[in-house]
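Engineer: Below are the sequence and a predicted model; questions follow.
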Amino acid sequence: MSTSREMTPKKGLLLSLAVFAALFVVGERALARYGWGHFHPPKKLTAAREGGKDCVVFTGDSRMEAGYSGPQLREGLTSGGLDTCVGDLSLGGAGMDAQFTMVREYLASGSPPRAVVVGVVAEALMDEKAADSSQWVGNLAANLLFSRFADAPLHFPFVTAEAIQVLDRRLRFQLERLSSYGIYRSIIWSKVQAVQDRLVKRAPVARNEFGALEDMKNLGESFTARGQQSLATWKATHTFQPNRYFVALMEETSRQGVPLILVELPMPEAYLRELTRSPEGTALRQEMKRFLAGRGIHYIDLASPSWFSDRLLSDGVHLNREGAALLSKDMGRELSHVLVRQPDAGSRMGEAGAP
């Protein structure tokens, strides 16, 4: 004879679903807390915010991260008559998309920096590519962590011929950014991979802070290939058109009255010879400087300083400590010349005023 206390299949299913939902929520919250404390982008954001007010804040990809040295930057700034703090938001493996979302999140703290400095290579500013949220792992997950609902059109511009695909990408983006499992999936994967490596006793791979050393050659080749593509676009159009994320960064800093400064970073000697100093590369930079000047954005050229040689690259792509110290001191000194001449951020942007 059955009683009301017996577990029916329906009750069992509901109980299982309730337990699963509870575990999912607990795991979600635990991962969010763990991720914020251990994930590289929020750690850098927190450190930059805690570094002080009215700082000069730097962003860029791994080339800027490798070339950043806080003590030498401050030394260079001070030598030029500017005593201020510095903050580092640069992210290895991240393009202008993640750099924009990181800087915007920093600006949302309510304490505007003295300036935002972007470490770039000119060709990379024209590197326009489609977004793919399934590839936003590692530092690129900043695109999920710091993005907002209204960012979907920025990441996935509407294309009539691909309307359904674009809407699908936008929906996936919204779902992924709302879940810690979507944002921090690379943390989960890295932990699983570490366990697998120990179980199969896989030999460790030589690495630096930017990845496996054997991958750095491929990275350098990809920089060259994308640079060649940008120069081909320039040669065909003779128009400098920065990618949509840099445009968004220009608009955000202008809206908040924060000066934006570009510093062109050193590249391997082969890149400098074949691209930077080529007729197309020279013409591209001249047009880029006109474009930036018309919008009140300062450009500092440190692409090939007198001290630079490939000897100062730790892996064929990134500056070593000696190179970082030299670059940072030069950056600080050049930045002080710009910022001391125009000490008030609001008046600077008012004078710049170009749309």
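Structural biologist: It's in. Residues are numbered from 1 along each chain as shown.

Engineer: Find the nearest non-adjacent residue to the residue nearest the centre of the chain, please.
Structural biologist: Geometric centre of the chain, nearest residue: Gln99, 3.0 Å, by C-alpha atoms, centre = their mean. In space, and not counting its chain neighbours, Gln99 is closest to Thr59: 4.6 Å by C-beta to C-beta, 6 or more residues apart in numbering. To be clear about C-beta, it is placed using only N, CA and C from the backbone, and glycine gets the same treatment.

Engineer: was I right about the residue nearest to the centre of the chain contacting Phe58?
Structural biologist: No. Gln99 is beyond contact range of Phe58, at 10.2 Å (criterion: C-beta atoms under 8 Å).

Engineer: who touches both of those two?
Structural biologist: Residues within reach of Gln99 and of Phe58 at once, by C-beta atoms under 8 Å, 6 or more residues apart in numbering, are 89-90, 118.

Engineer: Let's see if you can find the most crowded of those.
Structural biologist: Counting neighbours by other C-beta atoms under 10 Å, Leu89 leads these with 29 neighbours.

Engineer: hmm, back to that, the residue nearest to Gln99: neighbour count?
Structural biologist: Using other C-beta under 10 Å, Thr59 has 28 other residues around it.

Engineer: what about it, distance to His40?
Structural biologist: According to C-beta to C-beta, to the nearest Å, Thr59 and His40 sit 14 Å apart.

Engineer: ok, now Ala18?
Structural biologist: In this view, Ala18 and His40 are 36 Å apart by C-beta to C-beta.

Engineer: Next: Val247.
Structural biologist: Counting by C-beta to C-beta, the gap from Val247 to His40 is 26 Å.

Engineer: Also Glu176?
Structural biologist: Glu176 is 18 Å from His40, by C-beta to C-beta.

Engineer: repeat for Ala232
Structural biologist: 34 Å.

Engineer: list the contacts for Lys289?
Structural biologist: Tyr299.

Engineer: now with 10 Å?
Structural biologist: 122, 240, 262, 297-299, 301 (C-beta atoms under 10 Å, 6 or more residues apart in numbering).

Engineer: most surrounded residue in these?
Structural biologist: Going by other C-beta under 10 Å, Ala122 tops the contacts of Lys289 with 25 neighbours.

Engineer: so what pLDDT did that one get?
Structural biologist: We have a pLDDT of 95 for Ala122.

Engineer: That one touches Leu272, doesn't it?
Structural biologist: No. Ala122 lies out of contact with Leu272 (C-beta atoms under 10 Å); the separation is 11.6 Å.

Engineer: And the pLDDT at Ala131?
Structural biologist: The model reports Ala131 with a pLDDT of 90.

Engineer: what helix or strand does it sit in?
Structural biologist: Under the criterion DSSP states H and E, no helix or strand holds Ala131.

Engineer: Got the phi and psi for it?
Structural biologist: With angles defined as degrees, to the nearest 10, Ala131 sits at phi -80, psi 150.

Engineer: Chain neighbours aside, what residue packs nearest to it?
Structural biologist: Of all residues not flanking Ala131 in the chain, His155 sits nearest, at 4.3 Å (C-beta to C-beta, 6+ apart).

Engineer: now that neighbour: how far from Phe100?
Structural biologist: Between His155 and Phe100 the computed distance is 10 Å (C-beta to C-beta).

Engineer: any chance you could map the helices in the stretch 201-350 of the chain?
Structural biologist: Secondary structure of the stretch 201-350 of the chain (DSSP state H, counting those that start in this stretch): helices located at 213-237, 244-255, 269-271, 279-293, 321-341, 345-352.

Engineer: burial count for the residue nearest to Ala131?
Structural biologist: Counted with other C-beta under 10 Å, the neighbours of His155 add up to 20.

Engineer: does it really touch Asp132, like I thought?
Structural biologist: Yes. Counting by C-beta under 10 Å, Asp132 is a contact partner of His155 at 9.4 Å.

Engineer: got any residues that touch both of these two?
Structural biologist: By C-beta under 10 Å, 6+ apart, the residues touching both His155 and Asp132 are 169, 173.

Engineer: quick revisit: just curious, which of the shared contacts of Gln99 and Phe58 is nearest to Met216?
Structural biologist: Ranked by distance to Met216 (C-beta to C-beta), those are led by Ser90 at 17.1 Å.

Engineer: mean confidence for the longest helix belonging to the chain?
Structural biologist: As assigned by DSSP state H, the longest helix anywhere in the chain is helix 9-38. Confidence over helix 9-38 (mean pLDDT, whole number) is 79.

Engineer: now swap in stretch 56-63 and tell me
Structural biologist: Regarding stretch 56-63, the rounded mean pLDDT is 96.

Engineer: Provide a list of residues in contact with Ser222.
Structural biologist: By C-beta under 10 Å, 6+ apart, Ser222 lies in contact with Val317.

Engineer: swap that for Leu45, sorry
Structural biologist: 36, 39, 87, 89, 102-103, 105-106, 109, 142, 145-146.

Engineer: and those as TSV, adding distance to Arg185 and secondary structure?
Structural biologist: Listed next are these as TSV, based on distance: C-beta to C-beta, whole Å; DSSP: H, G, I helix; E, B strand; the rest coil:
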residue	distance to Arg185	secondary structure
Trp36	15	helix
Phe39	11	coil
Gly87	28	strand
Leu89	23	coil
Met102	19	helix
Val103	24	helix
Glu105	20	helix
Tyr106	24	helix
Ser109	27	coil
Ala142	14	helix
Leu145	12	helix
Phe146	16	coil
